[in-house]
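> Starting from these lines, generate the structure:
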Amino acid sequence: MEIQDLIIEKAKNYLGKPYVWGGESDNEGGYDCSGFVYSVLKDSGIKVSRLTAQTFYNKYKANVCDKSVKGALLFFGTGKTKITHVAISLGDGVYMYESIGSSKNTKSNKGK
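Numbers count the residues shown, from 1 in each chain. Model (predicted):
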């Protein structure tokens, strides 16, 4: 199995998990976007540190591809110095991880 397919397979395990700001595990009650990406990459055998969306961009921007590339990291924000969201491309313009939440969402107050 190619790494892009493995990343997408592992990402599907997180569908339906609640949004928790700063979360990266079920023990924390859920995942934010960067916690989701961190967990998926770790489950895929890729060693990365737990980073924010901005830090993922700063560290891996050389590997950023457009959303037509399966398994690529996609970044959203108001500019290169204000990245606020990271997702994983499924290819063909579709991406995984669309969360509803904010910094107010904690383990006891989960987002969708």
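> got the contact list for stretch 30-50?
Around stretch 30-50, the neighbours that count as contacts under C-beta atoms under 8 Å, 6 or more residues apart in numbering are 3, 6-7, 10-11, 13-14, 17-25, 28, 51-53, 55-56, 73, 85-88, 97, 99, 101, 105, 107, 110-111. All C-beta atoms are positioned from the backbone trio N, CA, C, and that covers glycine.
> can we see that at 6 Å?
The contact list for stretch 30-50, computed with C-beta atoms under 6 Å, 6 or more residues apart in numbering, reads 6-7, 10-11, 14, 17-24, 51-53, 56, 85-86, 97, 110.
> first vs last residue of that stretch, how far apart are they?
The straight-line separation of the ends of stretch 30-50 (C-alpha to C-alpha, to the nearest Å) is 15 Å.
> got it, and stretch 102-112?
Distance between the two ends of stretch 102-112: 10 Å, counting by C-alpha to C-alpha.
> mind listing what's buried in it?
Across stretch 102-112, burial judged by 16 or more other C-beta atoms under 10 Å covers 105-106, 110-111.
> Now for those residues: which two are most distant?
Spanning the widest gap among the buried residues of stretch 102-112 are T106 and G111, at 9.4 Å by C-beta to C-beta.
> Identify the neighbouring strands of the lengthiest strand in the chain in the sheet and state each direction.
Identified as the longest strand of the chain according to DSSP state E is strand 83-91. The pairing partners recorded for strand 83-91 under DSSP bridges are strand 73-77 (antiparallel), strand 94-96 (antiparallel).
> and the one residue sitting closest to the centre of the chain, how far is that from N109?
The centroid of the chain falls nearest to V37 when counting by C-alpha atoms, centre = their mean (3.0 Å). Counting by C-beta to C-beta, to the nearest Å, the gap from V37 to N109 is 23 Å.
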